[in-house]
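**Student:** Build the 3D model from these lines:
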Amino acid sequence: HTGMPVTIEDLAPPTPDDPRGAGLAASALPLTLAGLLPAIALVLAFPRAPGLQFGAALASAALSGVTIAALLRYVLGSTTTNFWGVAGGLTLGVGAALLLLLGLGALFGKAGLGVGALLAVLVGNPLSGLTSAPEMLPAGWGALGQLLPQGATATVLRSAAFFDGAGSSGAVAVLVCWALTGTALLSAAALRHRKLAAR
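**Tutor:** The predicted structure is shown next:
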């Protein structure tokens, strides 16, 4: 040991109102529920209307994204800049999770919705890394979490809030893939309903 002092420079320090980043950590469960609860409601209320489910999912995701972004900035003080970037990233993240769950429910019924919900809560939420960081998770698990909607959403949120979106392209691509997967499942369910109705 040389006894030389070590200088630490925080490139993106937390906000003065939320120096521990508690607001970001606290948003993990609401983000999961914002994708889960509307999916359950839409599948149960409109089981044979994939088109209606799709439109309602987009509206719900946008509302959730803007609401959570507003809470993080104006109530919790966890973010101070790039409000619409944060809101857009959250909208994409919630929308990807919501469309995936809707697709599973529309195509496979309550069983598909139940499996998707369990995976979201028991796997996606704890592996998102939003309460700490993906690098703080056991080896391999953090990387897996970044391939799931919640983990990718966490990365987009941090990137938009503190780095003006830099470094989020991979996470955005993950979310787009999940959103397209959910849309494909919804389309398959709609096609099946049409075939059954034509008989």
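**Student:** C-alpha from now on. contacts and neighbour counts both.
**Tutor:** Will do.
**Student:** Contact partners for the nearest residue to residue 82 once chain neighbours are set aside?
**Tutor:** The shortest distance from residue 82 to any non-neighbouring residue, by Cα to Cα, 6 or more residues apart in numbering, is to residue 161 (6.2 Å). Each residue near residue 161 by Cα atoms under 8 Å, 6 or more residues apart in numbering is listed here: 79-83, 85-86.
**Student:** cutoff 10 Å now
**Tutor:** Listed by Cα atoms under 10 Å, 6 or more residues apart in numbering, the contact set of residue 161 reads 12, 14, 69, 72-73, 78-87, 89, 155.
**Student:** same deal with residue 58?
**Tutor:** So residue 58 contacts 64, 91-92, 94-96, 98-99 (Cα under 10 Å, 6+ apart).
**Student:** Look up phi and psi at residue 55.
**Tutor:** According to degrees, to the nearest 10, the main-chain angles of residue 55 amount to phi -60, psi -40.
**Student:** What pLDDT is listed against it?
**Tutor:** On the pLDDT scale, residue 55 is placed at 95.
**Student:** Please tell me how far it sits from residue 126.
**Tutor:** Residue 55 sits 29 Å away from residue 126, going by Cα to Cα, to the nearest Å.
**Student:** how many neighbours does the closest residue to residue 168 other than its chain neighbours have?
**Tutor:** Leaving aside its sequence neighbours, residue 168 sits nearest to residue 156 (Cα to Cα, 6+ apart; 5.4 Å). Residue 156: 29 surrounding residues under other Cα atoms under 10 Å.
**Student:** helix/strand/coil for residue 156?
**Tutor:** Secondary structure state of residue 156, per DSSP: H, G, I helix; E, B strand; the rest coil, is helix.
**Student:** show me what contacts residue 105?
**Tutor:** Residue 105 sits in contact with 39-40, 42-44, 47, 50, 99, 111-117, 182, 185-186, 189, where contact means Cα under 10 Å, 6+ apart.
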